[in-house]
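Asks: this one's structure only:
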RNA sequence: GGCAGGGUAGCUCAGCUGGUUAGAGCACGGCACUCAUAAUGCCGGGGUCGCGGGUUCGAGUCCCGCCCCUGCUACCA
């Protein structure tokens, strides 16, 4: 059984998660669930980045100590991911001892293996005394910090530890172009390759005046810079440096947002090469959720809250909408109108109604017991949908995967309309009726399984309505060839996706 | 500015190495059906394929120019 170690970015503990965070977690979860269906031993990790400067500020605003603040935020984030049925096997927080151990050890290994690549130098920049941090050009407007426009920025130099990133350009570039380290989708790979080709600067990897962080080994005055710290969570969660961490490492897939590809595709591999550790197999950088075509920003207050989005139709429809309509590659839009349209068309009138009519016919004409029947044209459509679905999902094209699965809904509705079981019943054509009802049950079985990575809860409901034991998520992939539905007693469906819509 | 990607029906998108009347889903209109969540099926209206040139027997699909949008342009999870 091949292992599949999958991670999401760990989130800053500075505010509630929004739809953008949700897209990433739900997308990664969909991949994790699909890999499990295919028989992989999946290890799926999510977590929190708790050492950032913004944490200290947020904690101060909240009037609590940093640790209390991050504990609170971690619980909040985890609560949302549980509501969205994320199936992560682990939850790592950078304030945990296991993480600090990994960070310390990674630095030690770089030091041991490439002593010249960690060095001390002066960092010079504009320091904001309000934020207590250096500001980059993009954070400065009219010569002042965006957040503290009344304060003067102070030109400051400090002694920092640096990582000789520039020394790793060729090796990182080679890993990417050779395909040993895949960066997807292609647009992100192009950006990274261009960046590498244009050359790299060394980066500072420590900070002074930052009590909230991991002490830099051998230098009590400094803490490890938050980015250098955060990336190592992937290794820490695998058990590094403990014995046997190679059972999970290298990671098969890091799912991240497009805004942080540089860290994952340039700095991270360089760090690993420097320490003599294998590179992850792949980074997938998804796009952002936009609100009716514009950037969703919590500071601008335009963002719809995750709470509201979940409340509208429940967690499963939200998962479906994010992955089917917004998409996991380029940026996509969220709007209530589109959300309602998708809900009505694809879920209530589509899958929901199909389940309803199919199951009720079995109840009405066969006392709820699925009859026997040979393969039909609907099974051919089912096999084709499964094939297209697998191809798309293997390529992490979740939108196309959902499309392939829902194509089977259309095929099944057409099949029902064409065979008209109600006419067969009236005419007493029992064998044909058996065949049609069994074919529809098989389509529903396939749909429950294919839908499970997208809508685990609803798939479970449908599975149970079909009289199947256990969970659709645990179904044997091979059973999609010949779904074992005959003889099962189906339930009169309660209605998977209720209508009318809430107002 | 540089680099990258994109502009195809009201909306979301598909159209591989150029080839008959440009497609799907949703939305809209009509018809049919009744097992079903007033659901489903069929038919239909609707597109100068961003604009202008060019290559070709033939271009949404290649070349040139222009317009517009988005992303990246290093320490922003």
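Replies: Yep, it's here. Everything numeric here is computed off the predicted structure, so don't read it as measured data.

Asks: What parts of the stretch 401-503 of chain A come near RNA strand B?
Replies: A:410, A:413-414, A:416-418, A:420-423, A:493, A:495-499 (C-beta under 7 Å from any atom of the strand). Glycine gets a C-beta too; all of them are placed from N, C-alpha and C.

Asks: what two of those residues are the furthest from one another?
Replies: A:423 and A:498 (29.5 Å; C-beta to C-beta).

Asks: pLDDT-wise, what's the bottom of the residues of the stretch 401-503 of chain A next to RNA strand B?
Replies: In terms of pLDDT, the lowest of these is residue A:493, showing 78.

Asks: Please tell me I have it right and residue A:319 contacts residue A:86.
Replies: No: counting by C-beta atoms under 8 Å, residue A:319 does not reach residue A:86; the two are 9.5 Å apart.

Asks: Comparing those two, which residue is more hemmed in?
Replies: residue A:319 (27 against 24; other C-beta atoms under 10 Å).

Asks: which ones are touching that one?
Replies: A:26, A:29-30, A:84-85, A:454-455 (C-beta atoms under 8 Å, 6 or more residues apart in numbering).

Asks: Selecting buried members of these in PyMOL, what would you type?
Replies: Listed next is the PyMOL selection for buried residues among these, using 16 or more other C-beta atoms under 10 Å:
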select buried, chain A and resi 26+29+30+84+85+454+455
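
Asks: now, among the contacts of residue A:319, which is nearest to RNA strand B?
Replies: Comparing the contacts of residue A:319 against RNA strand B with C-beta to the nearest atom of the strand places residue A:455 closest, at 12.1 Å.

Asks: so the closest residue in space to the closest one that isn't next to it in sequence, which of the three states?
Replies: The shortest distance from residue A:455 to any non-neighbouring residue, by C-beta to C-beta, 6 or more residues apart in numbering, is to residue A:316 (3.9 Å). Recorded secondary structure, residue A:316: helix (DSSP: H, G, I helix; E, B strand; the rest coil).

Asks: hang on, isn't residue A:316 packed against residue A:453?
Replies: No: using C-beta under 8 Å as the test, residue A:316 is too far from residue A:453 to be in contact (11.3 Å).

Asks: and these two? which has more neighbours close in?
Replies: Using other C-beta under 10 Å, the more surrounded residue of residue A:316 and residue A:453 is residue A:453, with 30 against 23.

Asks: ok, the more buried one touching residue A:37?
Replies: Yes: in terms of C-beta under 8 Å, residue A:453 counts as a neighbour of residue A:37; the distance is 6.8 Å.

Asks: Now do the shared contacts for those two.
Replies: Counting by C-beta under 8 Å, 6+ apart, the residues touching both residue A:453 and residue A:37 are residue A:473.

Asks: quick revisit: what residues are up against the residue nearest to residue A:455?
Replies: Going by C-beta under 8 Å, 6+ apart, residue A:316 touches A:85, A:454-458.

Asks: mind listing the strands in the stretch 251-400 of chain A by residue range?
Replies: In the stretch 251-400 of chain A, the strands defined using DSSP state E, counting those that start in this stretch lie at A:253-257, A:282-286, A:289-291, A:294-295, A:332-334.

Asks: among the ones you listed, which is the most enclosed?
Replies: Highest mean neighbour count among those (mean count of other C-beta atoms under 10 Å): strand A:282-286, with a mean of 25.

Asks: now it: mean pLDDT?
Replies: Confidence for strand A:282-286, expressed as mean pLDDT, is 92.

Asks: What number of residues are in the vicinity of residue A:421?
Replies: Residue A:421 has 24 nearby residues by other C-beta under 10 Å.

Asks: That one against residue A:437, yeah?
Replies: Yes: counting by C-beta under 8 Å, residue A:421 touches residue A:437, with 6.2 Å between them.

Asks: circling back: compare the strands of the stretch 251-400 of chain A and say which comes out lowest on pLDDT.
Replies: Minimum mean pLDDT among these: strand A:294-295, a mean of 64.

Asks: tilt between the helix or strand containing residue A:29 and strand A:282-286?
Replies: Using DSSP states H and E, residue A:29 falls within helix A:19-37. Inter-element angle recorded for helix A:19-37 and strand A:282-286: 140 degrees (by axes from the mean of the first three to the mean of the last three C-alpha atoms, to 10 degrees).

Asks: Helix A:19-37 near RNA strand B at all?
Replies: No: on the criterion C-beta under 7 Å from any atom of the strand, helix A:19-37 is out of touch with RNA strand B, staying 7.8 Å away.

Asks: Buried residues, that helix. List them.
Replies: A:19-37.

Asks: Mind picking out the helix or strand in chain A with the poorest mean pLDDT?
Replies: strand A:140-141 (a mean of 62; mean pLDDT, DSSP states H and E).

Asks: and chain A, what are its domains?
Replies: Split into domains by automatic domain parsing, chain A comes to A:3-312, A:339-480.

Asks: count of neighbours near the residue of chain A found nearest RNA strand B?
Replies: Closest contact between chain A and RNA strand B, by C-beta to the nearest atom of the strand, is at residue A:352 (2.0 Å). Counted by other C-beta under 10 Å, the residues lying close to residue A:352 total 22.

Asks: which residues does it contact?
Replies: A:495-497.

Asks: where do the helices sit along the stretch 51-200 of chain A?
Replies: With DSSP state H, counting those that start in this stretch, the ranges of helices along the stretch 51-200 of chain A come out as A:53-62, A:66-83, A:97-113, A:169-178, A:186-197.

Asks: So which of those is the most surrounded?
Replies: helix A:97-113 (a mean of 19).

Asks: Check whether that one comes near RNA strand B.
Replies: No: Helix A:97-113 does not reach RNA strand B (C-beta under 7 Å from any atom of the strand); its nearest approach is 11.4 Å.

Asks: That helix - contacts with which helices or strands?
Replies: strand A:90-93, strand A:118-128, helix A:233-238, helix A:268-275 (3 or more C-beta pairs under 8 Å, 6 or more residues apart in numbering; DSSP states H and E).

Asks: Please produce JSON lines containing these, extended by distance to residue A:480 and mean neighbour count.
Replies: Shown next, in JSON lines, are those (distance: least, C-beta to C-beta, whole Å; neighbours: other C-beta atoms under 10 Å):
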{"stretch": "strand A:90-93", "distance to residue A:480": "29", "mean neighbour count": "19"}
{"stretch": "strand A:118-128", "distance to residue A:480": "52", "mean neighbour count": "15"}
{"stretch": "helix A:233-238", "distance to residue A:480": "32", "mean neighbour count": "26"}
{"stretch": "helix A:268-275", "distance to residue A:480": "37", "mean neighbour count": "24"}
